[in-house]
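Q: sequence and predicted structure below; questions after.
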Amino acid sequence: MRLPLAATAWRAWNAVATTTAPRTAPARLAGLDALHAGHIEVDRLGRYLAVAALVCASLMIYAWSRIDLRQTSVDQADTNRAFESARDENARLRLELATLRDPARLQLVAADMQLDNSVRLVDLTPP
């Protein structure tokens with residue numbers, strides 16, 4: 001003995017399953033023989049190609065971005081090395097300038113050149 005709901009569902013299934021008409025091929029495929037029965041339809045082929053093209057484009061963009069990121073990293077390292085070199089050179093030049101401006105050094109240079117230090121200096125800068 002079956003439940004009434006199960007029996008109703010069984011009858012509905014049998015009614016649909018037995019009366020379903022066989023699928024007809026689209027008009028553009030109507031002339032094909034049984035040899036082509038299990039193959040991919042032509043309209044689906046375009047979808048597969050579109051998906052494949054999308055995947056290929058995505059992979060190419062991903063590869064390009066990784067290569068570009070690597071190149072940017074190399075450029076940044078080169079720039080950091082150049083900056084460190086310029087900073088060291090700047091520090092060396094500041095030290096050399098401070099050494100050249102040292103009053104004790106200037107007195108030694110003046111003595112070596114036998115300059116007269118009794119000359120009166122006039123300051124022309126505005127007050």
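A: On my side now, so go ahead.
Q: looking only at pLDDT, what's the mean for the host helix or strand of residue 47?
A: Using DSSP states H and E, residue 47 falls within helix 42-101. In this model, helix 42-101 carries a mean pLDDT of 93.
Q: show me how far that helix is from its chain's centre.
A: Distance of helix 42-101 from its chain centroid, counting by Cα atoms, centre = their mean, to the nearest Å, is 9 Å.
Q: tell me the helix or strand right after that helix.
A: Criterion used, DSSP H and E; the element after helix 42-101 is helix 103-112.
Q: what's the angle from that following helix to helix 42-101?
A: 60 degrees (axes from the mean of the first three to the mean of the last three Cα atoms, to 10 degrees).
Q: identify the residues contacting helix 103-112?
A: Contacts with helix 103-112, where a contact means Cβ atoms under 8 Å, 6 or more residues apart in numbering, come from 99, 117. Any C-beta I mention is one placed from the backbone N, CA and C, and that applies to glycine too.
Q: using PDB, write out every CA atom in it.
A: Output of helix 103-112 as PDB, limited to C-alpha atoms (Å, rounded to 0.1, in the frame of the first residue of the first chain):
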ATOM      1  CA  PRO A 103      88.900  79.400  10.700                       C
ATOM      2  CA  ALA A 104      92.000  77.600  12.000                       C
ATOM      3  CA  ARG A 105      92.600  76.100   8.600                       C
ATOM      4  CA  LEU A 106      92.100  79.500   6.900                       C
ATOM      5  CA  GLN A 107      94.700  81.000   9.200                       C
ATOM      6  CA  LEU A 108      97.200  78.300   8.300                       C
ATOM      7  CA  VAL A 109      96.500  78.800   4.600                       C
ATOM      8  CA  ALA A 110      96.900  82.600   5.000                       C
ATOM      9  CA  ALA A 111     100.200  82.100   6.900                       C
ATOM     10  CA  ASP A 112     101.500  79.700   4.100                       C
END
